[in-house]
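S.K.: Quick one, structure for this:
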Amino acid sequence: MNTADLNLEKKSLNELLKIKEELENFIIEKKGNEKQELIEMIWDLVTESDFSMKDITDELNKKKKMKAKYQNPDNKKETWAGQGRKPKWIKKKETSGIALDSLII
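M.R.: Model prediction:
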């Protein structure tokens with residue numbers, strides 16, 4: 001669909017802003033309806049299975065353990081995935097002039 005189909009070029013700014021507001025409201029309503037339909041579908045699947053909703057949400061909420069990307073050469077048990085706050089041993093290595101790339105596993 002192009003803008004000519006909607007005659008948008010002939011609309012005033014106020015008319016376009018009103019259309020935008022109506023469209024945003026419609027999108028919010030549509031998303032809410034689709035979300036509710038999805039929840040109902042999921043609920044139906046869960047109730048037909050041997051699992052509880054808690055089983056499913058617990059699984060979804062589990063923090064996925066990230067694979068280590070960096071390792072302390074002085075202590076092989078100290079690793080870091082490269083996400084989040086840098087551990088003290090990484091900061092110490094960088095302060096002493098060791099490049100982060102040299103710690104890649």
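
S.K.: in this protein, which spans are strands?
M.R.: Here the chain has its strands, by DSSP state E, at 70-72, 75-80.

S.K.: Compare those strands and give me the one nearest Lys30.
M.R.: Of all those, strand 75-80 sits nearest to Lys30, with 42.7 Å by Cβ to Cβ. C-beta here means a position set from N, CA and C on the backbone, and glycine is covered the same way.

S.K.: buried stuff in that closest one?
M.R.: By 16 or more other Cβ atoms under 10 Å, the buried positions in strand 75-80 come out as Glu78, Thr79, Trp80.

S.K.: If you count contacts, what does it end up packed against?
M.R.: The contact analysis (3 or more Cβ pairs under 8 Å, 6 or more residues apart in numbering; DSSP states H and E) places strand 75-80 against strand 70-72, helix 88-95.

S.K.: Which residues does the shortest one contact?
M.R.: Residues from elsewhere that reach strand 70-72 (Cβ atoms under 8 Å, 6 or more residues apart in numbering): Glu78, Thr79, Trp80, Ala81, Gly82, Trp89, Ile90, Lys93, Leu100, Leu103, Ile104, Ile105.

S.K.: Adding pLDDT, write those residues out as CSV.
M.R.: Shown next, in CSV, are the contacts of strand 70-72 (pLDDT from 0 to 100):
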residue, pLDDT
Glu78, 95
Thr79, 95
Trp80, 95
Ala81, 93
Gly82, 93
Trp89, 96
Ile90, 96
Lys93, 95
Leu100, 94
Leu103, 96
Ile104, 95
Ile105, 94
